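Novice: Generate a structure from the sequence data that follows.
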Amino acid sequence: MYGWIWQRLPGGLVLRVLQALLLVALVSALLLFVVFPWLEPRLPDNPLTGPATVSR
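Specialist: A predicted model of the protein is given here:
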């Protein structure tokens, strides 16, 4: 999968590295600010830490 992405990035080595880092940053931001906040209320409470570990 990573090889497939790497082969489709345009440019030379430096440009590909920069684009790959940007892609990783964008995916991380999407997960951190969109997916995980949407998913968190739908997860069951953790019995080891209790229900009130995250302020809502």
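Novice: wait, I5 sits on V24?
Specialist: No. Using CB atoms under 8 Å, I5 is not in contact with V24, being 10.4 Å away. Heads up, the C-betas are built off the backbone N, CA and C, glycines and all.
Novice: Helix or strand: which one has V27?
Specialist: For V27, the host element (DSSP states H and E) is helix 13-30.
Novice: next one: F36
Specialist: helix 36-39.
Novice: Need the CA coordinates for that helix. PDB is fine.
Specialist: Output of helix 36-39 as PDB, limited to C-alpha atoms (Å, rounded to 0.1, in the frame of the first residue of the first chain):
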ATOM      1  CA  PHE A  36     -11.900  10.300  17.200                       C
ATOM      2  CA  PRO A  37     -14.200  13.000  18.700                       C
ATOM      3  CA  TRP A  38     -17.100  11.500  16.700                       C
ATOM      4  CA  LEU A  39     -16.300   7.900  17.800                       C
END
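Novice: Please point out which parts of it sit buried.
Specialist: For helix 36-39, the buried set under the neighbour-count rule, 16 or more other CB atoms under 10 Å, is empty.
Novice: which other helices and strands contact it?
Specialist: Contact here means 3 or more CB pairs under 8 Å, 6 or more residues apart in numbering; DSSP states H and E; on that basis helix 36-39 packs against no helix or strand.
Novice: Over it, what's the mean pLDDT, rounded is fine.
Specialist: Averaging pLDDT along helix 36-39 yields 93.
Novice: now the residue positioned nearest the centre of the chain: how far from L22?
Specialist: The chain has S28 as the residue nearest its centroid, 2.8 Å off, counting by CA atoms, centre = their mean. Distance from S28 to L22, counting by CB to CB, to the nearest Å: 11 Å.
Novice: Repeat that for R8.
Specialist: For R8 relative to L22 (CB to CB), the value is 14 Å.
Novice: any weak-confidence spans in the protein?
Specialist: For the chain, the stretches with pLDDT under 70 are 49-56.
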